[in-house]
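# heads up, no residue letters with this:
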């Protein structure tokens, strides 16, 4: 009995330390964001977010980039992962290694290479690409999001009888695109939503590439600029973004659980 009791106590200690490690900074940030000039507490910093046109415009730009990035990532990842699992399972290890490359290469190195291309290569294609933050950042955010999206989708495919579902749909006369849209996607809905929300979180938090390429109209860069003169508003923005991300991830988790319960 002494062994199990000691193990439970150790788990409680580890859990308590983890809670302290994560909650104390968040609570401190929340307390700081509620401070008002002259003393006391209030929600003035949070109200400023809703009335600041620069912040709202930057948030809109980042959300547009995030939505397009998520769509492009899913269009690349889902058919590729399904095709590899059905036709070339031996290539799965090679594909996994390829998707790890954006994690291996630091974003600052990628940003330096992009900045070199931006500064030294002309032509209508490159001028159009770097004309705005939307067209310049979206392709590179797609590359950064690939590792996370691929693993989410691949785990979803591993949890279902993919080959059986596809063969059954094809035997009933469904084409491959119809099978993918009406059979495979509903079966991995939670994994697809997870990949989309991970991409959203990445775009809303990525600052290195946008900063080095001098695109100041994105949400992460706007948070840094606001923090130089209004630290309370910047902390409030950070907490609001964190809460939004948590809510989205919890929504994905509950959607997946509800689907499994319905089965």
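Yep, it's here. Just so we're clear, the structure is a prediction, and the values are computed from it rather than from any experiment.
# switch to C-alpha atoms for all contacts and neighbour counts from now on
Will do.
# so where's the chain shaky on pLDDT?
1-7, 252-253, 255-263 (pLDDT under 70).
# so where do the helices sit in it?
Remark: helices assigned in the chain by DSSP state H are 2-33, 44-51, 53-87, 92-104, 107-120, 124-129, 133-158, 162-171, 176-179, 185-187, 189-205, 208-212, 219-229, 231-262.
# Can I get those in JSON lines including mean neighbour count?
Output for those, formatted as JSON lines (neighbours: other CA atoms under 10 Å):
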{"stretch": "helix 2-33", "mean neighbour count": "12"}
{"stretch": "helix 44-51", "mean neighbour count": "15"}
{"stretch": "helix 53-87", "mean neighbour count": "18"}
{"stretch": "helix 92-104", "mean neighbour count": "13"}
{"stretch": "helix 107-120", "mean neighbour count": "14"}
{"stretch": "helix 124-129", "mean neighbour count": "12"}
{"stretch": "helix 133-158", "mean neighbour count": "20"}
{"stretch": "helix 162-171", "mean neighbour count": "15"}
{"stretch": "helix 176-179", "mean neighbour count": "14"}
{"stretch": "helix 185-187", "mean neighbour count": "17"}
{"stretch": "helix 189-205", "mean neighbour count": "22"}
{"stretch": "helix 208-212", "mean neighbour count": "18"}
{"stretch": "helix 219-229", "mean neighbour count": "18"}
{"stretch": "helix 231-262", "mean neighbour count": "16"}
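# I'd guessed residue 99 sits against residue 149; true?
No. Using CA atoms under 8 Å, residue 99 is not in contact with residue 149; the gap is 9.5 Å.
# Tell me who's in contact with residue 166.
179, 183-184 (CA atoms under 8 Å, 6 or more residues apart in numbering).
# Out of those residues, flag the one nearest to residue 113.
Distance to residue 113, by CA to CA, is smallest for residue 184 among the contacts of residue 166, at 37.8 Å.
# Could you tell me how many residues sit around the closest one?
Neighbourhood size, residue 184 [other CA atoms under 10 Å]: 24.
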